[in-house]
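> got a predicted model here, sequence first, then my questions.
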Amino acid sequence: MPPPKFADLTKSVTDLFTDDFGFGATKLVLKSKAANGTNFKVEGVKAANATVADGSLETKFSYAGVSVKEKWSTSNDVLSEFAVNNKYLPGSKVTAEFVFNPNKGLDALKFKVKNDYEKDAVNASLVVNNAGLVSASSVFSVAKKCLFGVSTDYDTGKGALANTKFGASYVDTDLSATAIVSNGADVEASLFHVPKSNVATALKLSWSQAAVGFEVAAKYSLDSSAFVKAKVNKDLNVGLSYTQTVASGVTLTLATLVKAGALQGTDHKVGLTLTLEQ
């Protein structure tokens, strides 16, 4: 089995810390799939202090071996993505992405071309965009349960490398540990552990010359239809969420952010997400 992409080395930890914590917003998500295989996703979000809601419509389908993704948002940004497997290099996929805003004209058009390759013990990616930035990353299985990766950007305009990162991971069935060093100075370390089938825990540490970070998170499944999550950082910001499958295809999530270091303040937030899926 190929290793994950460099950006996904800490996916389990990132998902535990970010998913189901929709603080300060009311969100509605609608998902459905047509008989021809087209997937639809509609999202509407209203922030606590906003007077209007933001929305988006996303469709995904495949035609003649090409995977197509289209997304429109109320900011009038239109994203088009086309992906096809490279028949000349098994395990390789080429993706072209375009972002266009009719209100801003062609001068604001953004596009990038990406080539992903994964096979056996390697996962590599190369991305080129119209801003002259070339991004390359790769992850290798260097030993049993051990991964090593590198990621870097090259600015063709400046002729210089930037955002160079090195990562190493140990991955087991119930435990994964990852360390990433950015630009030879900033260090991030994370740990993901599943002590029981219905419990998942994660730890994140970060260090730089500017600051030190520390966060812990946990998820506990009450049963097959409900789970709770909690997280806290060194600033005593406490996040809590409860997710319940109300009926088949209907999921409700309640979330709150409590500033435990300033309980008398007014920066606490709550959020609600309702997901309807066919």
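Structure received.
> buried ones in the helix or strand hosting residue 126, by neighbour count?
Applying DSSP states H and E as the criterion places residue 126 in strand 122-129. Neighbour counts using 16 or more other Cβ atoms under 10 Å place 123, 124, 125, 127, 128 of strand 122-129 among the buried residues. All C-beta atoms are positioned from the backbone trio N, CA, C, and that covers glycine.
> any chance of those in TSV, plus distance to residue 43?
Compiled in TSV, the buried residues of strand 122-129 are given as follows (distance: Cβ to Cβ, whole Å):
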residue	distance to residue 43
123	29
124	32
125	27
127	25
128	29
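> distance of residue 83 from residue 63?
12 Å (Cβ to Cβ, to the nearest Å).
> likewise residue 97?
17 Å.
> so which of these two has more stuff around it?
Neighbours around residue 97 and residue 63, counted as other Cβ atoms under 10 Å, are more numerous at residue 97. The numbers are 17 against 11.
> go ahead and confirm that one touches residue 109.
No - using Cβ atoms under 8 Å, residue 97 is not in contact with residue 109; the gap is 11.3 Å.
> tell me the secondary structure for residue 180?
Three-state assignment for residue 180 (DSSP: H, G, I helix; E, B strand; the rest coil): strand.
> can you name the residues that contact it?
9, 10, 165, 166, 167, 187, 188, 189 (Cβ atoms under 8 Å, 6 or more residues apart in numbering).
> please name the nearest non-neighbouring residue to it.
residue 167 (4.3 Å; Cβ to Cβ, 6 or more residues apart in numbering).
> end to end on stretch 173-192, go ahead and measure it.
In stretch 173-192, first residue to last residue: 11 Å (Cα to Cα, to the nearest Å).
> how far away from the center of its chain is it?
Put simply, stretch 173-192 sits 16 Å off its chain's centre (Cα atoms, centre = their mean, to the nearest Å).
> how about stretch 102-118?
19 Å.
> list the buried ones in it?
112, 114, 116, 117, 118.
> quick one: contacts of stretch 223-235?
With Cβ under 8 Å, 6+ apart as the test, stretch 223-235 has contacts from 16-17, 20-21, 212-222, 238-245, 260-261.
> tell me the average confidence for it?
Averaged across stretch 223-235, pLDDT comes to 97.
> now do stretch 150-160
Regarding stretch 150-160, the rounded mean pLDDT is 95.
> quick one: terminal-to-terminal distance for that stretch?
OK, stretch 150-160 end separation, Cα to Cα: 17 Å.
> show residues contacting that stretch.
With Cβ under 8 Å, 6+ apart as the criterion, stretch 150-160 contacts 6-7, 132-138, 161-167.
> next one: that stretch to chain centre, how far?
Per Cα atoms, centre = their mean, the centroid offset for stretch 150-160 relative to its chain is 23 Å.
> and it, what's buried?
151, 152, 153, 154.
> got it, and stretch 82-101?
By neighbour count on 16+ other Cβ under 10 Å, the buried set for stretch 82-101 is 83, 84, 92, 93, 95, 97, 100.
> which ones among those residues map onto strands?
Under the assignment DSSP state E, the buried residues of stretch 82-101 contribute 83, 84, 92, 93, 95, 97, 100 to strands.
> quick one on the thing from earlier: narrow the contacts of stretch 150-160 to just the buried residues.
For the contacts of stretch 150-160, buried by 16+ other Cβ under 10 Å: 6, 133, 135, 137, 138, 165, 166, 167.
> correct me, but the first one touches residue 168?
No - applying Cβ under 8 Å as the test, residue 6 and residue 168 come out as separate, 11.4 Å apart.
> quick one: the helices in the chain?
Along the chain, the stretches classed as helices by DSSP state H are 11-18.
> picking up where we left off before, adding distance to residue 142, write the contacts of residue 180 out as TSV.
Formatted as TSV, these follow (distance: Cβ to Cβ, whole Å):
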residue	distance to residue 142
9	13
10	18
165	17
166	13
167	12
187	20
188	20
189	18
